[in-house]
Structure formats: structure tokens, C-alpha cells
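A.B. asks: structure of the sequence below:
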Amino acid sequence: MEIIEAAPTQSRTTARRSRAWRRATRVAVVGVLAGAAVGLAASPSLAATGRIVISSPAGASAVLVNPAAGCRDINGTFPAGTTVSNQTDSTIVVYTGRACTVPSATLPPGGSTGFSSGSIRVLS
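C.D. replies: Residues are numbered from 1 along each chain as shown. You can find the predicted model right below:
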């Protein structure tokens with residue numbers, strides 16, 4: 001009769017350590033994922049809350065409600081006395097050129113400035 005030596009089995013202590021390690025790893029991964037989910041929920045939105053109002057002496061010419069971050073060309077030439085008013089919770093930059101070229105003014109929330117034509121960038 002031939003005797004074949006069996007492979008050594010894991011000791012009970014090693015098996016317990018291995019299960020404990022896997023459990024600790026799962027808890028750590030779940031904690032990291034939960035933290036990331038909370039961080040994403042608390043991160044600032046990519047849209048400003050409020051309105052950007054472009055008004056000529058005759059009244060409102062354009063209103064952007066809850067504008068997303070980024071550049072917007074404002075089509076048209078507005079009469080003298082036209083203003084842009086930042087009624088959002090974000091800073092905006094007013095440009096005299098199209099495609100957000102030639103910056104003219106930076107408006108914090110509540111700020112306003114004269115405007116004739118060009119573009120506006122909403123910062124997030």
C-alpha cells in the first residue's frame with residue numbers, strides 16, 4: 001500500500017485570522033464607499049442657484065435661471081444703459097467678446113455692471 005502525504009491544512013488559528021481579515025477589509029471598503037457617497041452629496045452643484053438678469057432701460061432683455069457653470073454667448077447688441085445683474089449664489093465673469101474672450105468685469109453674488117454685448121461665464 002502506497003502512502004501519499006496529504007497537503008498540510010490550515011490551522012484553526014490561521015483560518016480565524018483569515019476570516020477576521022476579510023471581515024475587516026469588507027468593513028473598511030463599506031466605510032470608504034459610504035464616505036464617498038456623503039462627499040458627493042455634499043459637493044457643490046455645477047449650477048448656480050438664482051438668476052442672471054440682463055436689463056435694458058426699457059426692461060428685462062434676458063433672464064438666465066439657475067444657469068449651469070460655463071460660458072454663454074449673449075446674442076444681440078443691447079442699447080446704452082443695459083446692465084447685467086448677478087442674482088445667483090455664484091460668481092460670474094462678464095466678457096465683451098464672444099466665447100468668453102476679453103474679460104470686462106467679475107461680479108460676485110449681488111453685483112451688477114454695464115453690458116453692451118458679449119458673453120458671460122458662470123463659475124461653480
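A.B. asks: what about the helices in the protein?
C.D. replies: 12-42 (DSSP state H).
A.B. asks: is it true that Arg98 touches Arg121?
C.D. replies: No. With contacts counted by CB atoms under 8 Å, Arg98 stays clear of Arg121, the gap being 12.0 Å. (C-beta placed from N, C-alpha, C; glycine too.)
A.B. asks: from Val102, how far off is the nearest residue to Val65 once chain neighbours are set aside?
C.D. replies: Of all residues not flanking Val65 in the chain, Arg51 sits nearest, at 5.3 Å (CB to CB, 6 or more residues apart in numbering). Distance, Arg51 to Val102, by CB to CB, to the nearest Å: 24 Å.
A.B. asks: next one: Arg72
C.D. replies: According to CB to CB, Arg72 and Val102 sit 15 Å apart.
A.B. asks: who has more neighbours, these two?
C.D. replies: Arg72 (18 against 11; other CB atoms under 10 Å).
A.B. asks: correct me, but the more buried one touches Ser119?
C.D. replies: Yes. In this structure, Arg72 is within contact of Ser119 by CB under 8 Å, at 6.1 Å.
A.B. asks: list the contacts of Leu64.
C.D. replies: By CB atoms under 8 Å, 6 or more residues apart in numbering, the residues touching Leu64 are 51-52, 72, 120.
A.B. asks: if we go to 10 Å?
C.D. replies: 48, 50-54, 72, 74, 84, 87-88, 92, 120, 122 (CB atoms under 10 Å, 6 or more residues apart in numbering).
A.B. asks: tell me, what's touching Arg72 and Ser119 both at once?
C.D. replies: The contact lists of Arg72 and Ser119 share 95, 99-100, where a contact means CB under 10 Å, 6+ apart.
A.B. asks: and the strands in this protein, which stretches?
C.D. replies: Assigned by DSSP state E, the chain shows strands spanning 50-56, 59-65, 70-74, 83-88, 92-95, 103-107, 112-114, 118-122.
A.B. asks: who's Asp71 bridged to?
C.D. replies: One correction, residue 71 is Cys, not Asp. Cys71 forms beta bridges with Arg121, as assigned by DSSP bridges.
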